[in-house]
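*Asks:* got a sequence here, can you model it:
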Amino acid sequence: MKRDYISGIIIILLGVFFLLTNLGIIDVEFYNIWPLVLLVPGILFELGYFIRKKDPGLLVPGGILTTYGILFYINIYYGWHWMNYLWPLFILGVAIGLFQLYVFGERDKELLIPVGILGGLSAFFLLNAFHILDFTLIVSIALIIIGLIIILRKK
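*Replies:* Numbers count the residues shown, from 1 in each chain. You can find the predicted model right below:
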């Protein structure tokens with residue numbers, strides 16, 4: 001019953017907000033608030049698990065949507081040119097969701113494989129985007145090492 005009151009109050013507040021916006025009393029541009037379409041459901045998924053402590057599967061979409069909502073707010077606030085560097089956070093969002101499932105779920109070790117792969121790829125691409133790592137340098141060194149291993153291995 002309490003949940004019905006809270007839901008009703010939230011819906012009424014949203015209606016009042018949109019009414020005040022349409023009447024010009026509040027000046028809000030959709031350009032600045034559209035990431036809430038991702039951020040609010042993401043936070044609700046997160047809260048859904050942490051309030052009830054049931055179904056840790058809620059944390060996967062929660063982690064993904066919350067990460068994406070934050071990423072889009074960073075770009076709105078600092079400029080969309082940052083997407084050239086921050087796009088690996090899309091990969092990281094999935095890793096965060098799966099890692100939360102591992103931590104708060106049944107600690108299924110198989111989940112750490114995609115978390116490690118996705119997190120590692122995200123870190124690699126982020127470091128490369130900010131020129132902390134040079135992709136061609138890493139590939140060059142890896143090819144040299146692989147070549148040496150092939151030549152020097154015992155038959």
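*Asks:* grab the nearest non-local neighbour of Met83.
*Replies:* Asn75 (5.5 Å; CB to CB, 6 or more residues apart in numbering). For glycine as for every other residue, the C-beta is placed from the backbone atoms N, C-alpha and C.
*Asks:* what strand or helix carries that neighbour?
*Replies:* Per DSSP states H and E: Asn75 is located in helix 59-78.
*Asks:* and the closest residue to Phe99 other than its chain neighbours, how many neighbours?
*Replies:* Nearest non-adjacent residue to Phe99, counting by CB to CB, 6+ apart: Val115, 4.8 Å away. Neighbourhood size, Val115 [other CB atoms under 10 Å]: 20.
*Asks:* if we can go back for a sec, doesn't Tyr85 make contact with the residue nearest to Met83?
*Replies:* No: if you go by CB atoms under 8 Å, Asn75 and Tyr85 don't touch, sitting 10.3 Å apart.
*Asks:* now do the phi/psi pair for Gly105.
*Replies:* phi -90, psi -140 (degrees, to the nearest 10).
*Asks:* now do the closest residue to it other than its chain neighbours against Lys154, distance only.
*Replies:* Once flanking residues are discounted, Gly105 sits nearest to Pro56: 4.0 Å by CB to CB, 6+ apart. Separation of Pro56 from Lys154 (CB to CB, to the nearest Å) stands at 48 Å.
*Asks:* pop the domain breakdown of the protein in here.
*Replies:* Here the domain parsing of the chain from automatic domain parsing is 1-33, 35-152.
*Asks:* quick one: buried residues of the first one?
*Replies:* Judged by neighbour count (16 or more other CB atoms under 10 Å), domain 1-33 contains no buried residues.
*Asks:* mean confidence for that domain?
*Replies:* Over the span of domain 1-33, the pLDDT mean works out to 81.
*Asks:* for that domain, what is the distance to the chain centroid?
*Replies:* 26 Å (CA atoms, centre = their mean, to the nearest Å).
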